[in-house]
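> How does the following fold in three dimensions:
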Amino acid sequence: MENTNARKMIKGISFLNPVDVDGDYYMYVTDYAIKYGYDHLQLIGPTHHGVKGNVDGMIFNVKYAQFNNTKDADYVNYCLKVVNECTAKATAHGIKNYFWHHELDLPTGFKEAFPETLNEDGDIEVTHPIVKDYLEQRLIDFFAAYPHMDGIILTLHETKVPLLRLKKQKLGKVERVKYVTEILYNTCKSLGRDMIVRPFASLEEDYVMMTKAYEEISSEMVIMDKWTQFDWSLTAPHNKFYAKIKNNPLCVETDIFGEFFGKGRLPLMLKDHIKQKFNYCEQFKPVGYISRIDRSGNHPFGQVNEVNLVIMYAVMNGLDVDEEIIKFFTEKYGAVAPQIKEIMDKTEDVLKKIIYLKGYYYSELSLFPTLNHSKNHFYFEMMKDNYEIASNEWFIPIGWVRGSMESVLEEKLSAKTEAAILLEKLKALEGKMDKDEYEKLYVQFANLDLVAKCWVELTDAYIGYAKYFETEDPEYENKLNVALDNLLVLNKQGVELLGDKFYCVNVDSMTLSNSRAERVVDFVKEIKQSFEYEKLATQKLKAENLTDFIVCGGGNEAHKLQKEVNFSDTLLIDGELMRICGNRKGMKWSTINAHGWFSYEVKIKPNTENKIVVVAGSSTESIDVKVTVANKEYIIKEKADGKKEFTFNYTAANENSLRIRFDRISGNTPCIYFIKVI
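Numbers count the residues shown, from 1 in each chain. Now for the predicted structure:
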């Protein structure tokens, strides 16, 4: 029973994240919200899908009907039917309905239809009147098509046209954010609808800039922000930026599913995490809480992880959390409820030891990481004796200290031991509980056991790779190969035992395709190719007696690498390594924006002239890149004809290093292979 003394607040759920609308599931969530007294629903949908995502993917345009041929008509018609059915039912029970939308999101063919909206770099000019009109008309069409939608949730990131990264704009960042947000806010208001904004910034400067813009537009506009800083890492600190929201209502966005902590496929009870975060947030008197409850087609209903919804409900309503947990387990598991609770009590701690390394985010969206992700998140660099991590990114804890390599291995081995113990405790309950419920628990705890073992071998692989290039000791190459062989054995065991339910098999929508991928197998294949190439390339470059060199895209490239989250990737194409300005997806669909950058610190000889040689190419027809050597900028625009060398002279004063930076400046993606200092 709800505690009537609890503070009145919005109690919301966000769901279908980020997948196609499923009418049956949508109605289930609606009925759940009605049953438990939730008053706010947020439909996310396939936000990152190039056709089905955002407002565009849910409607047929009226004024701009020329873009309707780029839509998935069957999907639009399906949404018009089921979304309207569900929102009508929710509205009838006093529940408000919202839809997630990211900007700038412009349809395929927009630049061809309106070339006058592009600037000299091929970027959209945000202030062009056609852009403004399109943004307004699209919302008019959306609310006409979905009359029970009460508003939109606006995010200005993760789009084909990155608003904050566009170059050569007439407006600066703050003015640009304010301009676009105000267009959408005023349109919603004129239609009698709401707009809630999500800063969702990975850099502090962006967060401050965006909240300033929101405040200037209207003090009535609700700002919804995550209760962890920057993103969903459970070891990220409390969101300190709440203190900067002075004049606007705050709504707290929570993750009670484990988005970066297993995605619902690993057992997880977030009792401590939810209680701690809720207590922190309450000091800011938020207008309410919106909880994410699913990810990539996985949801908690009918699973043991549904306990997290119970915990969140309890804290919002001032109920005794432990009492509600045991009540849930008793209803679901009967006589063995105390044993299930005891097992689940350990899961948050075990998963932290697996998916974090000494408090450092150590996974890819909590999945088994790809090689590209491993290099971008410094997993090789952090295994060196003299590791240097200079990039200011959200997953790097402030003042992070790795500690000894022995302590790293101890943490991973401890998780392996504890996960095995939990699995054995669960096995002891077989035959003492409902068979189907036992089988569901077994899949999750068998996965936890296998994942803990995989991360031990993964760590050994990183160590072997990094330490080989640090020491040239062949024993580390052997360590790498043993770890990779062990990973393949574990993958085989997982597939044989659990099939596609094995955690390291990817069959969800994160691939944005229907493909099935054994992530361990793909990782092993790619890391072996990377190691062999980097080994040979390093030998050749060392023979040139250079002052310094970098094999870009390698595991040993770090050189105090700096970049921005998601705006620099590594590639391995035709056996060659490279780093690109931009991301892999951007090579395919970010064709109307010039964004992406990275930089290195290289050694130079003081008090003499140094030659910096850059070996570059392009994934498209032209090598377009801005190279900044120390403080001097060079613009390169040349037809791509294989790899080319570009030499920059730099006369050093009494200095031993300089920073060299690469910026993408057009829709063409520059590929950087080597940097040599002569």
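> low pLDDT regions in the protein?
Applying pLDDT under 70 to the chain flags residues 1-7, 508-514, 586-594.
> so what are the domain limits for it?
The domain map for the chain lists 10-320, 347-532, 544-677, with the assignment taken from automatic domain parsing.
> how far out from the middle of the chain is the longest one?
In terms of C-alpha atoms, centre = their mean, to the nearest Å, the centre of domain 10-320 is set 15 Å apart from its chain centre.
> if I look at residue 534, how far off is residue 553?
Distance, residue 534 to residue 553, by C-beta to C-beta, to the nearest Å: 9 Å. For glycine as for every other residue, the C-beta is placed from the backbone atoms N, C-alpha and C.
> An error on my part: the question was meant for residue 181.
Residue 181 sits 37 Å away from residue 553, taking C-beta to C-beta as the criterion.
> Neighbour count for those two, which is higher?
Comparing residue 181 with residue 553 by neighbour count (other C-beta atoms under 10 Å), the higher total belongs to residue 553, at 26 against 23.
> Contacts only, for that one.
375, 530, 570, 571, 572, 577, 578, 579, 673 (C-beta atoms under 8 Å, 6 or more residues apart in numbering).
> Sort out which of those are in strands and list them.
Of the positions in the contacts of residue 553, 570, 571, 572, 577, 578, 579, 673 sit in strands, assigned by DSSP state E.
> ok, and the most crowded of those residues?
Using other C-beta under 10 Å as the neighbour criterion, residue 579 leads those with 27 neighbours.
> Could you verify my assumption that that one touches residue 598?
Yes - under the criterion of C-beta atoms under 8 Å, residue 579 is in contact with residue 598, at a separation of 6.2 Å.
> Give me the common contacts of those two.
Overlap of the contact sets of residue 579 and residue 598 (by C-beta under 8 Å, 6+ apart) consists of residue 568.
> any idea which helix or strand comes after the lengthiest helix in the chain?
Selection of the longest helix in the chain by residue count, based on DSSP state H, yields helix 435-471. If you walk from helix 435-471 toward the C-terminus, the next helix or strand you reach (DSSP states H and E) is helix 474-498.
> Please name the strands paired to the next helix or strand after that next one in the sheet, noting orientation.
Following helix 474-498 in sequence order, the next helix or strand is strand 505-506 (DSSP H and E). Taking DSSP bridges as the criterion, strand 505-506 pairs within the sheet with strand 517-518 (antiparallel).
> Of the domains of the chain, which is nearest residue 333?
When the domains of the chain are ranked by proximity to residue 333, the top entry is domain 347-532, at 5.6 Å, counting by C-beta to C-beta.
> Could I get the phi/psi values of residue 616?
Dihedral pair for residue 616: phi -130, psi 160, per degrees, to the nearest 10.
> count of residues packed around it?
Look at residue 616: counted by other C-beta under 10 Å, it has 23 neighbours.
> how close does it sit to residue 383?
29 Å.
> Isn't residue 621 up against residue 668?
Yes - distance between residue 621 and residue 668: 6.8 Å, which falls inside the contact criterion (C-beta under 8 Å).
> and for those two, which residues touch both?
Once C-beta under 8 Å, 6+ apart is applied, the residues that residue 621 and residue 668 both contact turn out to be residue 640.
> Who has more neighbours out of these two?
When neighbours are counted by other C-beta under 10 Å, residue 668 comes out ahead of the other of residue 621 and residue 668, with 23 against 10.
> The more buried one is in what secondary structure piece?
Remark: residue 668 resides in no helix or strand, with elements defined by DSSP H and E.
> ok, now which ones touch it?
The contact partners of residue 668, taken as C-beta under 8 Å, 6+ apart, are 618, 619, 620, 621, 622, 623, 624, 640.
> Filter those down to the buried ones, PyMOL style.
Selection command for PyMOL covering only the buried members of the contacts of residue 668, criterion 16 or more other C-beta atoms under 10 Å:
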select buried, resi 618+619+622+623+624+640
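> Including secondary structure and distance to residue 522, could the contacts of residue 668 go into a markdown table?
Formatted as a markdown table, the contacts of residue 668 follow (DSSP: H, G, I helix; E, B strand; the rest coil; distance: C-beta to C-beta, whole Å):
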| residue | secondary structure | distance to residue 522 |
| --- | --- | --- |
| 618 | strand | 25 |
| 619 | coil | 21 |
| 620 | coil | 25 |
| 621 | coil | 29 |
| 622 | strand | 31 |
| 623 | strand | 29 |
| 624 | strand | 31 |
| 640 | coil | 28 |
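> Farthest pair within the contacts of residue 668?
Pairwise distances among these were taken by C-beta to C-beta; the largest, 11.1 Å, belongs to 619 and 624.
> Give me the neighbour count for residue 137.
Neighbour tally, residue 137, other C-beta under 10 Å: 15.
> actually residue 215, not the one I typed
Residue 215 has 17 neighbours, counted by other C-beta under 10 Å.
> Tell me the secondary structure at residue 174.
Local secondary structure at residue 174 is given as helix here, using DSSP: H, G, I helix; E, B strand; the rest coil.
> Which of the helices or strands spans residue 625?
Residue 625 belongs to strand 622-629 when assigned by DSSP H and E.
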